[in-house]
Structure formats: structure tokens, C-alpha cells
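*Asks:* sequence plus the predicted model coming up.
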Amino acid sequence: MSTTTTTTAGGVRVAKPTVASHVHDYWGRVRGGDIGSLPAILGLIVLCLIFGIARETFFSAINFANLFSQGAAVIFIAMGLVFVLLLGEIDLSAGFASGVCGAVMAVLLTDHGWQWYTAIPAAMVTGLVIGFTLGLLVAKVGIPSFVVTLAAFLAFQGVLLLLLSGGTNVSIRDSFVLALANKNMSVWLSWVLAIVAVAGFAVAQFVRVRGRAARGLASDPLGVVVGRIAVLAIVVFIAVAILTQERSINPAVISVKGVPIVAPIIAVALVVWTFVLSRTRYGRHVYAVGGNTEAARRAGIPVDRIRISVFVICSFMAAIGGILAASRANSVDPNSGGSNVLLYAVGAAVIGGTSLFGGKGRMIDAVIGGAVIAVIDNGMGLMGFSAGTKFIVTGLILLVAAGVDALSRRRAAATGNR
């Protein structure tokens, strides 16, 4: 492995890896069982190619835009589940919790005349209360999370029926709420946000490299940093170029252009929670508790607070997912958050690379896994497959993801990379 050496202002000589050594180290980690989201990314590429070849419409601008609204709710719920899974816990109630929060918003908007800026926060607070209650029962009372959240899974179905007066459908007419999952930004704003996003990522990367160098720590080679920025720029600009095309069937009557509003909402959540997990003391504590609870307790980490907090975050993100699901459906019904929502959300987190055994996972896993789920559902729908076939294929992919996780952990333990 080739490296170069640099001397810091303090006179400390630090080995500076080259691009070749960085690639070599990455491949070594992969061989050692640290594969991260690589299988999900490769699977996503393969699935897109298969569906794109089978149906030309899969790569159309209108279908590409639909993928964002289709996957948004699942991605948000999966983001919350990542926190719970990092501790080796589970939240089986996240799906119906999202439905309850969506129903709270819908009822306040429609039946009580609230405005969106009060109804949406009320739904989010409902999610926080749900998460705090679940976390308290798990951390302080000592009931296993499987039992607590299974009980909540059943109870929330009843709560949803009560909120909806025995099962009525509550329509949403608030233009702001409906726009969240159904409308698009203007073309000029789409490009401005794309440029700002890439520029912000570039600045963050260079600041990180400079900061590590100033502290005498080894950093990624400049070529790798530039490569990351270039890849992101290519992906973002191509996506925006596609999404800013005219997607309306009858442009003379109504024009449909621009990036879906839900896309930057997902991006903001990804950035915020990635920062929390990777750049804060709280994030380090979450990984520590998930890796070894007893060692974390002996190190002075407030384990019970961490356990409560992950359920709070999970239900809060489920609330946002419920709001987006209600926005997309223009209504809330007794099945909101039910059916396959929870299974898809758990599947998204696991398929993306988050371990079911705790201590391993990133926020990007939820986004990548959610994209895989959305592509499967969308692509197989375009090909005319039945719902039964979709469930079978999704289940098999989830099983493969769980198997890859188990095998990678075994490989990591054998090579000492755990």
C-alpha cells in the first residue's frame, strides 16, 4: 500500500494515503465483511436496468418523479427505524403510529378547522408522545420492545378507528398539505437547490479534510474527495435535468415540471440525521449502546435515555411519514399506516444495510433501501405483476439482505473487523 507523508504545523509527520491505498483499504474492509450499502446499491442498479429494458416508460420523467412520492413515507419511517435497529430493538407499531399521526392532522384540518401550521405540529407532537411512551416502557419498565410495540401495533388500529369515527374516510383539502407529496418546485428553484446542494457537499468535504489535517489526522486523498463530489454532482444534475422536463400529458392545459417538493424534504432529513449520527456525541452514544450495552453503561453513557430517545425519534419520523402518506392519498382512512407499510419500512432499512443485530447502520441505508422498495413496487406494477408477486419478490429480497447481513457479521468476526 503506497502512502505519502506530510508534516503538520506542529512538526508531526502524518501518513497521507493515496487514492490507490484508499481503494485497497476499502476493498480490504469489504472482504472483511464491512460491505455497508454496496449490495443494495448494486441491486438498485440491476433492478433499474431490468425494469428499464422491460418497460421503456420506467425511465420516463413522469415515472421518475412518481418514485419520490411513492417512496417518501416508507423512507421517513425507515429513517426512524434505523435509530431503533441500531440498538438491536424493533418498533412494530411504526406503521400504524404514522397512520394515527396522519389522522390527527386530517381530523384537525377537516373537522376542527385548524390551519396546516398548527395541525402538522400537532401530528408531530403526537409522534413524540407515542415514542416517549414506548421508550419509557422498554427502558424503564423493562418490557421487551417486541412485546411493547406489538401491543401498540394492535392498540393504534383501535385508536385510528376512534379518530375516524368508526372507519370513515377523512378527506384533506388544505393546499399546503396536499402540495407536500403532489406538487413540484419551479424549474429555476430546482436548479438553484441542486447547485446549492452540490456546493454545500463540496464545502463540507473540504472543510473536513482541512480539519483533520490541522489536527494531525489522516484524511481521504484529494482525488477521492473530488471523486465523491463529482459523482454526487453527476447524479443530482442528471436527476434535475430529467425532472425539469415537461411531464404533463396536455401541457397547454397544465404544465408539470420541476423537482417534486418531497425530494428536498427527504434530502434535508438525510443531512440532519446523518450529521446527528456521525458528528455528535449523541450519535456516538447510540452506536456504543448498540454495539455493547454493558460496556456503554460502564463508560458512563446514560443507556436508558438513549433507548428512550431512539423510540422518540422513530415515532417522530413515523409522524412525518404519516403526514406525507396522507398528503399523497389526499385523505386518511382506517387502513392508513397498515397493510405493507411497516414491512416495507423495516425492509427498506435492512435492505439498505442496517443490521438487525444492532450497532451497524447509517441514515443513507433508509434512503437506498426505500429506493429499492419503491423501484420494485413501481417496476413490477408497470410490468403488470399482481400484488402477490410483488410481496413474494420483496420478501425474497429482504431475506437475501438479512442473509448478507448475517454472513458479513460472521465474516467480520472471523477476520477481527467486528
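*Replies:* The structure has been received and is ready for your questions.

*Asks:* just the strands from the chain, written as ranges.
*Replies:* Using DSSP state E, the strands assigned to the chain run over residues 3-7, 13-17, 170-171, 331-332.

*Asks:* just checking: what are the partner strands of the last one?
*Replies:* Within its sheet, strand 331-332 is paired with strand 170-171 (antiparallel), according to DSSP bridges.

*Asks:* quick revisit: going by mean pLDDT, which of the strands of the chain comes out lowest?
*Replies:* With a mean of 51, strand 3-7 has the lowest mean pLDDT of the strands of the chain.

*Asks:* excluding chain neighbours, what is closest to Ala54?
*Replies:* Met383 (5.6 Å; Cβ to Cβ, 6 or more residues apart in numbering). Backbone N, C-alpha and C define where each C-beta goes, glycine included.

*Asks:* isn't that neighbour right up against Gly52?
*Replies:* No. If you go by Cβ atoms under 8 Å, Met383 and Gly52 don't touch, sitting 11.3 Å apart.

*Asks:* on that earlier part again, neighbours of the residue nearest to Ala54, how many?
*Replies:* Per other Cβ atoms under 10 Å, the neighbour tally for Met383 reads 13.

*Asks:* kindly report the same for Val84.
*Replies:* Using other Cβ under 10 Å, Val84 has 29 neighbouring residues.

*Asks:* pLDDT value on it, please?
*Replies:* Val84 is given a pLDDT of 96.

*Asks:* again, but for Thr8
*Replies:* For Thr8, the model assigns a pLDDT of 48.

*Asks:* any idea how far Val147 lies from Arg410?
*Replies:* 28 Å (Cβ to Cβ, to the nearest Å).

*Asks:* err, Ala213, not the other one
*Replies:* 37 Å.

*Asks:* check Thr126 too.
*Replies:* Per Cβ to Cβ, Thr126 is found 41 Å from Arg410.

*Asks:* what about the two, which has more around it?
*Replies:* When neighbours are counted by other Cβ under 10 Å, Thr126 and Arg410 differ, and Thr126 comes out ahead with 21 against 12.

*Asks:* and Met380, what does it touch?
*Replies:* By Cβ atoms under 8 Å, 6 or more residues apart in numbering, Met380 lies in contact with Phe51, Thr389, Lys390, Val393.

*Asks:* also Gly88?
*Replies:* For Gly88, the contact set (Cβ under 8 Å, 6+ apart) comprises Gly290, Leu356, Phe357, Gly358, Gly359.

*Asks:* list buried residues within those residues.
*Replies:* Gly290, Leu356, Gly358, Gly359 (16 or more other Cβ atoms under 10 Å).

*Asks:* and these, which of them are in helices?
*Replies:* If you go by DSSP state H, the buried ones among the contacts of Gly88 have Gly290 in helices.

*Asks:* make CSV out of the buried ones among the contacts of Gly88 and add distance to Lys257.
*Replies:* CSV is the format used below for the buried ones among the contacts of Gly88 (distance: Cβ to Cβ, whole Å):
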residue, distance to Lys257
Gly290, 43
Leu356, 41
Gly358, 44
Gly359, 44
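
*Asks:* of the buried ones among the contacts of Gly88, closest to Gly43?
*Replies:* Closest approach between the buried ones among the contacts of Gly88 and Gly43, by Cβ to Cβ: Leu356, at 17.7 Å.

*Asks:* surely that closest one meets Gly347?
*Replies:* No. Counting by Cβ under 8 Å, Gly347 is not a contact partner of Leu356; they are 11.1 Å apart.

*Asks:* how about the residue nearest to Ala54, what does it touch?
*Replies:* With Cβ under 8 Å, 6+ apart, Met383 has these contacts: Phe51, Ala54, Arg55.

*Asks:* and the residues you listed as CSV, adding neighbour count and pLDDT?
*Replies:* Formatted as CSV, those follow (neighbours: other Cβ atoms under 10 Å; pLDDT from 0 to 100):
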residue, neighbour count, pLDDT
Phe51, 21, 89
Ala54, 13, 86
Arg55, 17, 85
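
*Asks:* low-scoring stretches of this structure, by residue?
*Replies:* 1-17, 22, 24, 26-34, 409, 412-418 (pLDDT under 70).

*Asks:* tell me which residue lies nearest the centroid of it.
*Replies:* For the chain, Ala366 is the residue whose C-alpha lies nearest the centre (Cα atoms, centre = their mean; 3.1 Å).

*Asks:* that residue is in contact with Ala78, isn't it?
*Replies:* Yes. Assessed by Cβ under 8 Å, Ala366 is found in contact with Ala78 at 3.7 Å.

*Asks:* what is in contact with those two at once?
*Replies:* In contact with both Ala366 and Ala78: Ala348, Ala349, Gly352, using Cβ under 8 Å, 6+ apart.

*Asks:* gap between the last one and Gly370?
*Replies:* With distances defined as Cβ to Cβ, the gap from Gly352 to Gly370 amounts to 7 Å.

*Asks:* quick check: neighbours shared by the two?
*Replies:* Joint contacts of Gly352 and Gly370 (Cβ under 8 Å, 6+ apart) are Ala78.

*Asks:* which residues sit in contact with Val74?
*Replies:* For Val74, the contacting residues are Gly321, Val341, Tyr344, Ala345, Ala348, Gly370, Ile373, Ala374, by Cβ under 8 Å, 6+ apart.

*Asks:* by neighbour count, which of those wins?
*Replies:* The most crowded member of the contacts of Val74, judged by other Cβ under 10 Å, is Ala345 (33 neighbours).

*Asks:* tell me the contacts of Leu160?
*Replies:* So Leu160 contacts Phe96, Gly99, Val100, Ala103, Pro334, Ser336, Gly337 (Cβ under 8 Å, 6+ apart).

*Asks:* right, I'll call it a day here.
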